[in-house]
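Student: Dropping the sequence and predicted coords here.
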Amino acid sequence: MIREVPGEELARRLQVACPGAVEAWQDISLWVKPQRILEVCRFLNQMPGLEFNLLNSISGVDYIEHFEVVYHVTSTINLHSAVIKARVYGREEPSLPSVVSLWQGADFQEREVWDLMGVRFEGHPNMKRILLWEGYPGFPLRKDYLEAPR
Amino acid sequence: MLGLGIVNGLIVTMKNFFRKPFTISYPEQRVLQHPRFRGEEFTWYEERCTACASCAKFCPLGIIRIVTHPSGETPTEGDSYAIDAFDIDIGRCMFCGLCVEACPYDALFMGSGFEEAKPSRRNLVITVDHLRAADKRPSTWFRPQLEAQGYDPHKGTEVTWRDAGREHFLYHVPQRPEQESSTATEEGKP
Amino acid sequence: MAFLEGHALFRNLYCLLAGNLDNTVACSGRGGLLPVGWEWLAFAITAFAITMVLLNVFLVVTMFYTYMERRLLGRFQGRLGPNRAGPFGLLQPVADAIKLLTKESIVPRGTDLLLHNLPPVIMVATVFVTLAILPFGEDTFVANLNVGVLFFLAITSVNALAIFMAGLSSGNRYAVFSGMRAVAQLISYEVPMVLSVVGVILLAGSLSLVEIVEAQRIPFFLLQPLGLFIFVVAISAEMNRTPFDQLEAESEIVAGFHTEYTGMKFGLFYLAEYAAVLTSAAVIVTLFLDGWNGPWLPSPLWFLIKVFFLAFLFIWVRATLPRLRIDQTMAFAWKFLLPLSLLNIFVTATLVLLLGEETATGVALSTGGLWAMAGINSVVALASVLLFARMVHLRTPVHPIPSMQPSPSEVA
Amino acid sequence: MPIRSEPVTVNVGPQHPSTHGVLRLRVTFDGEVILDMEPVFGYLHRGSEKLGEERTYTQVITLTDRLDYVASMTNNQAYVLAAEKLAGIQAPERGMYLRVIAAELQRVASHLVATGFLLNDLGAFATPLMYCFRERERILDLFEMLCGARITLSYMRVGGVFQDAPEDFWPALRKFMADMPHYLDEYEQLLTDNEILVTRTKGVSILNADHALNASVTGPVLRASGLPWDLRKIDPYEIYNRVQFDVPVGKAGDNYDRFKIRIDEMRQSLRIIEQCIDQIGPGPVRAIVPSLIRPPIGDAYGRIEGPKGELGFYLVSDGSIAPYRFKIRSPSLINLTVLRDILIGWKLADMIVTLGSIDINMGEVDR
């Protein structure tokens, strides 16, 4: 059975390692500051006892006033999983650091979030569109994207 | 690395050489579909239909178009709406059967055929006249009352709206085993 | 039947036309249809007639073979195979031919037209030229060439050139891949193929295919099991059959050298491919399977039966085996087949020396000696193949990644 | 003087016989050796995630059918589990058993397709493919009995399955279960010891477990690398904790292991189905669920062990009848992350085989 680590527990540990990085927590979710996501993820990935070595998925959600990038991570060693979320504000050029240097599996997923949601990941080696072609106008999964341009 | 694996493989193919082929020559031979097969050609019983348009609402693609007008003087006494148009665009239909599942009066059934090729896309729209005139050979998909009769659209005769029965409301709720006797076909008739 | 049985095709027709006045051909009859002095016309008519008959019969047989291959492949795979055109789908090759003939011939832009159009013709021509030397039955052949084996080996090697031309002229990168593979593979497999025939020549004492068949008191596949194995493998590589179908490896390089060929040009490639199976099978029958000889039935029929039996084996193998990688294919030729064929020559030559008896014409073997040789050769073949299979590893280590940049010396 | 050679760039696909759909690989070759490779996606992008935001929770099921169209059943299952997690619905027991039976049948079918096409990529002229499809047809027949369709199944509903299996399903399933092991033996006889196959696949494109895990590779590809990471075992959903089965693992993580592990997994799936047939009891197959589900505001990530890897659905609810965000974690796409790393230095022919051994489905890659 994979235990879902409560956000509170993670927040307590992060308080020591990366002070000020945590914004909030609720149930199994943990909100961190987007600029410090790489730092938090490195801690989660490398800290003994946590060792989240499998990045399940990166999702982007458009909450209109902000974007939320959701990281589902699992540890195959300690058999627990966590949900890390980062709120990114601004609709023009929202961006946050990339975690490709930690998990290679973030490569295509971050590109997908950029492609469909328009959230840029700084430090990604190949930040190109993945499903749509370069120069496609708009980001289809945003809520204000209503109709495909002709 | 002695070539024995290759010889083994040759034996297997030779064994299959003498087996009966599993493909069939389509127009002459046909695979008989299961009665539950979700085919084209929807079966629709006008007598049952109240034109509530549940099917149109549940269709994921929105390809069912229903236009009605109040038919009789006393709609409150069970007189249904009259149907002006009941178009199903099977050119876009994906035969998920959600419309059949949504129908509260068991008026709409999936069909059982699959040879509905038409020369033009426009002809792929099933109109209300087509639905009225079509063979009433419904699929038993999501219609346990038909399954209980042992009905097979590929063998049996056409089914009138009286014989098609009504799916008992309690069919899908947890007390099904106790209610099984009450879902008999006689009871389902209106 | 008398036409085919016991008489050479060419001689019979020629004698009918020209009579026995010419000394070049020995005729049994007396006068011919044509007056004296018109022997050249008789020769021309005969040659033309024979060629037409042979080509057409062969084309029909090839068409039947394409049908048979597709049908049998279907059966091997649990399918039915083509069964729509005509009874049992027998007219399928005709339908295919009509389809291919009526299709548009598309030529890629910027290609050399000559280079583009020549390869299909060469491919078909090489296969048909092979027919000239094949003895189809007792005394039934077009030409009894005294260097028949060499002629066959020389003609088949022209294929590599044709395929390379096709690959390069298509302007398609898959075709270029195929062309490069063709050069590598076809030339590599020529070596073991030639060497494996040497054993047969040693035993028969002749290069003429007719004389090789006549020399087979015991069928050579008993005397030369190793040679037969190598020859079959090498020739299936020569005609691009699985597991050596690198040149048109569908899953890798789409259609290989004929990716850009359409219509009848593709049809000619297709025809050459299937005709090559038949001629190759015929050569194997001639060299190793006792040619046209056989009890009860007329000799051409025996020949046909043996050819189609071999063709069936080819189809069977095609239906079963996956494909080797190109470097493994090459390694198989050089590391496995070449040493084996050299061993075969060595063993055969030694045995001919040891068991043979001096006769007026040279060294010959008695029937007892032949049987002894068959036994020894079978043991040698089995042992050496197993030994080599143990020793040779086709798996290659991961290729070192070459640098993308040219070295400074090259730039300079 | 060394021969001067130039690298050549080839677009393998989107129209190529063995890119399993419309995948395009931009490959740089030196001769036949791969120097660089970049997959290009999007030729089958249909915007499923956007479409899902405009459909009710039940209607979305029809979208999931079309993600990995050779494994619709497991797609349905993953989505339905995510939606149940979101809405707090518990499916009745018989419904869960039926789901597991259907999902395991689908896993067998998907692995059959994977094996068949892998052998087709290896150049076996469609023979193993036809044999695999013969058995797959029988599974599709079973699906037709269950839900009236063969490919786009839409069998599962939030809160169970839409309808109980018909009477004639069980004898047919038993007959299939009796026949299938023999067919698997036949595949093994035809394939696993074949020298050509072994030569082509052993030691080729090795992926070690750490690399695989770091690149989020899941499913048979990860297990072939030696890590027994199977969500059915590690995080048992539905009734997987009530059945006994082994998790086959490979040793080297090469193409051969990825091929072999699928055959072993088919045997394990048959074992699971057999136990399910024994354990399944009478009862309802569908919980009482309103036709228009309105889950509470929140999010849920439901995942299953799909035939191709961890298939997850991340659903966000805003309390309405349609998901606010419908995100698909597609294993096919994410497994391709390692493709470049395990291909460089190998040959053109290996590229095709490695792609086949990873077993992608373009419907799921591009969504």
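Tutor: Everything's here; your move.

Student: Now name the helix or strand holding the residue nearest the centre of chain B.
Tutor: The C-alpha lying nearest the average C-alpha coordinate of chain B belongs to B:Met110 (Cα atoms, centre = their mean; 1.6 Å). Using DSSP states H and E, B:Met110 sits within strand B:108-111.

Student: And C:Leu73, by the same measure?
Tutor: helix C:39-76.

Student: re earlier: could you list every helix and strand in contact with the strand holding B:Met110?
Tutor: Contact here means 3 or more Cβ pairs under 8 Å, 6 or more residues apart in numbering or on different chains; DSSP states H and E; on that basis strand B:108-111 packs against strand B:39-44, helix B:98-102. Just so you know, the C-beta spots here come from the backbone N, C-alpha and C atoms, and that holds for glycine as well.

Student: closest to chain A out of the ones you listed?
Tutor: helix B:98-102 (24.7 Å; Cβ to the nearest Cβ).

Student: Figure out how far that closest one is from the centre of its chain.
Tutor: 10 Å (Cα atoms, centre = their mean, to the nearest Å).

Student: Any chance you could list what contacts it?
Tutor: Outside helix B:98-102, the residues that touch it by Cβ atoms under 8 Å, 6 or more residues apart in numbering or on different chains are B:54-60, B:64, B:108-110, B:141-143, D:58-59, D:62, D:154, D:162, D:291.

Student: For residue 66, give me the backbone phi and psi.
Tutor: Here I'm looking at chain A. Note on A:His66: its backbone torsions stand at phi -150, psi 160 [degrees, to the nearest 10].

Student: not quite, I wanted chain B
Tutor: Here B:Ile66 shows phi and psi, under degrees, to the nearest 10, equal to phi -130, psi 130.

Student: Pretty sure it sits against B:Tyr81.
Tutor: No: counting by Cβ atoms under 8 Å, B:Ile66 stays clear of B:Tyr81, with 9.2 Å between them.

Student: tell me, what's touching those two both at once?
Tutor: Listed as contacting both B:Ile66 and B:Tyr81 by Cβ under 8 Å, 6+ apart are B:Ala51.

Student: residues contacting the residue nearest to the centre of chain B?
Tutor: Applying Cβ under 8 Å, 6+ apart to B:Met110 gives the contacts B:Arg38, B:Gly39, B:Phe42, B:Thr43, B:Phe95, B:Gly97, B:Val100, B:Pro138, B:Ser139, B:Trp141, B:Phe142, D:Gly148.

Student: contacting residues for the residue in the stretch 101-250 of chain D that chain A sits nearest to?
Tutor: At 2.4 Å from chain A, D:Ser216 is the closest residue in the stretch 101-250 of chain D, using Cβ to the nearest Cβ. Contact analysis of D:Ser216 by Cβ under 8 Å, 6+ apart lists A:Leu54, A:Leu55, A:Asn56, A:Trp103, A:Gln104, A:Gly105, A:Ala106, A:Gln109, D:Ile334, D:Thr337.

Student: State the three-state secondary structure for it.
Tutor: What DSSP: H, G, I helix; E, B strand; the rest coil gives for D:Ser216 is coil.

Student: ok, so what distance separates the residue in chain C that chain D sits nearest to from chain A?
Tutor: Closest approach between chain C and chain D, counting by Cβ to the nearest Cβ: C:Arg323, at 2.7 Å. Distance of C:Arg323 to chain A, given as Cβ to the nearest Cβ, to the nearest Å: 31 Å.

Student: and what of C:Val94?
Tutor: 46 Å.

Student: ok, back up a step: now tell me which of the helices and strands packed on strand B:108-111 the model trusts least on average.
Tutor: Mean pLDDT per stretch puts strand B:39-44 lowest among the helices and strands packed on strand B:108-111, at a mean of 81.

Student: I'd like the next helix or strand past that strand.
Tutor: Note on strand B:39-44: by DSSP H and E, the next helix or strand toward the C-terminus is helix B:54-58.

Student: and the residue nearest to C:Leu90 when sequence neighbours are not counted, what does it touch?
Tutor: With sequence-adjacent residues excluded and distances taken as Cβ to Cβ, 6 or more residues apart in numbering or on different chains, C:Leu90 is closest to C:Tyr67, at 6.3 Å. Neighbour list for C:Tyr67: C:Pro82, C:Gly89, C:Leu90, C:Gln92, C:Pro93 [criterion: Cβ under 8 Å, 6+ apart].

Student: Inside helices: which ones of these?
Tutor: C:Gln92, C:Pro93 (DSSP state H).

Student: right, and D:Asp121 touches D:Gly356 too?
Tutor: Yes: counting by Cβ under 8 Å, D:Gly356 is a contact partner of D:Asp121 at 3.9 Å.

Student: Can you pull the residues that touch both of those two?
Tutor: Common contact partners of D:Asp121 and D:Gly356 (Cβ under 8 Å, 6+ apart): D:Ser18.

Student: Those residues of the stretch 201-350 of chain C touching chain B, which are they?
Tutor: Contact residues (Cβ under 8 Å from any Cβ of the partner chain) of the stretch 201-350 of chain C with chain B: C:Trp316, C:Val317, C:Ala319, C:Thr320, C:Leu321.

Student: One more pass at 7 Å, please.
Tutor: Applying Cβ under 7 Å from any Cβ of the partner chain, one finds that the stretch 201-350 of chain C approaches chain B through C:Trp316, C:Ala319, C:Thr320, C:Leu321.

Student: One more: chain D?
Tutor: D:55, D:58-59, D:62, D:92, D:127, D:134, D:137, D:144-145, D:148-149, D:152, D:154, D:162-163, D:166, D:186, D:189-190, D:193-196, D:282, D:284, D:286, D:288, D:291.

Student: Can you tell me which of those are buried?
Tutor: Buried members of the residues of chain D next to chain B, scored by 16 or more other Cβ atoms under 10 Å in any protein chain shown, are D:55, D:58-59, D:62, D:92, D:127, D:134, D:137, D:144-145, D:148-149, D:152, D:154, D:162-163, D:166, D:186, D:189-190, D:193-196, D:284, D:286, D:291.

Student: Go through those residues and flag which are in helices.
Tutor: Using DSSP H, the members of these that fall in helices are D:Thr62, D:Thr127, D:Arg134, D:Glu137, D:Glu144, D:Met145, D:Glu186, D:Gln189, D:Leu190, D:Glu195, D:Ile196.

Student: residue contacts, the residue in chain D positioned nearest to chain B?
Tutor: Distance from chain B to each residue of chain D (Cβ to the nearest Cβ) is smallest for D:Asp193, at 3.4 Å. Shown in contact with D:Asp193 (Cβ atoms under 7 Å, 6 or more residues apart in numbering or on different chains): B:Leu4, B:Gly5, B:Asn8.

Student: Kindly report the same for C:Phe266.
Tutor: C:Leu100, C:His258.

Student: where do the strands sit along chain B?
Tutor: For chain B, the strands defined by DSSP state E occupy B:39-44, B:64-70, B:81-89, B:108-111, B:125-126.

Student: Close to chain A: what parts of the stretch 1-150 of chain D are there?
Tutor: Residues of the stretch 1-150 of chain D found near chain A (Cβ under 7 Å from any Cβ) are D:Phe41, D:Gly42, D:His45, D:Gly47, D:Glu49, D:Lys50.

Student: Mind listing what's buried along the longest helix seen in chain B?
Tutor: When chain B is parsed with DSSP H, its longest helix is helix B:4-17. For helix B:4-17, the neighbour count (16+ other Cβ under 10 Å) marks B:Gly5, B:Ile6, B:Asn8, B:Gly9, B:Leu10, B:Val12, B:Thr13, B:Asn16 as buried.
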